[in-house]
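Colleague: The following comprises the amino acid sequence and a computationally predicted model.
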Amino acid sequence: MHAGVNAAGEGPHGRFFAMQQRIFALVIGALAIAAIVLTSLPWAGSGPLGHGLQWNGFGGADYGTIEDPTLPVDEIAAAPLGIFVVIAAVAALLAAIAMAVPALAGPATPLRWVAALFTLVAAAVPITVILSPQVFLGRSFEAVNAREVLSDPHYRDLVRERILEVPTLIALAVVLVVTAAVCVAAAVTAPSRQVTPEILSET
């Protein structure tokens, strides 16, 4: 039996490919979880302005140290853009699970590419928030009659520098891009066909 043919079987090449895919699965799973964690963290906050108001990636507002808020939390909620990130992260987790379970080798093939596409598209979310804060905070600022602040170039830069949690957003974008790259690498290096009695009889 030729070891190279048994790409997903018992030969040395098969063991190498299987181990390689498991490593990819672990990395993709860890990155997906990291993306979800970063989404749950504050994406913006008014701490530098002397307040404790924060917004996480799901748009949820938290008054923090403000004891007597003037508006209900749901009225100043930001856009729930983090949902798109979570959808991409779940797709990556499903791909990782399929890659780690031999019985799911068939679905793993398309799931790798789907996860790569979803996470790459989702990487545009934090980048868009950084470039256009109004996409994320427009509803919140409108609730306090300050939406025009986000449309003014001077104040928009101030919002980006003082209110947005840029390091968190950049980290999220990097995590999503790396996840997409790893998914592509896993798809490209995956065995092209599974071992069957017919394949083994060819050797």
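Modeller: All right, it came through fine. Values in this document were obtained by computation on a predicted structure and should not be read as measured data.

Colleague: When you work out contacts or count neighbours from here on, use the C-alpha atoms and nothing else.
Modeller: Noted.

Colleague: Please enumerate the helices of the protein.
Modeller: Here the chain has its helices, by DSSP state H, at 12-40, 82-100, 105-122, 124-131, 133-143, 147-151, 153-162, 166-189, 197-201.

Colleague: where in the protein is pLDDT low?
Modeller: 1-17, 47-52, 63-74, 143-156, 191-203 (pLDDT under 70).

Colleague: Check the contact between G29 and A92; I expect there is one.
Modeller: Yes: contact criterion CA atoms under 8 Å: G29 and A92 qualify, at 6.8 Å.

Colleague: of the two, who's got more company?
Modeller: A92 (32 against 21; other CA atoms under 10 Å).

Colleague: excluding its backbone neighbours, what's nearest V114?
Modeller: In space, and not counting its chain neighbours, V114 is closest to A91: 7.2 Å by CA to CA, 6 or more residues apart in numbering.

Colleague: The one you found - how many residues pack around it?
Modeller: A91: 22 neighbours (other CA under 10 Å).

Colleague: ok, back up a step: could I get the helices of the chain as TSV with distance to G59?
Modeller: As requested, those are exported to TSV (distance: least, CA to CA, whole Å):
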stretch	distance to G59
helix 12-40	9
helix 82-100	8
helix 105-122	16
helix 124-131	12
helix 133-143	8
helix 147-151	16
helix 153-162	16
helix 166-189	14
helix 197-201	53
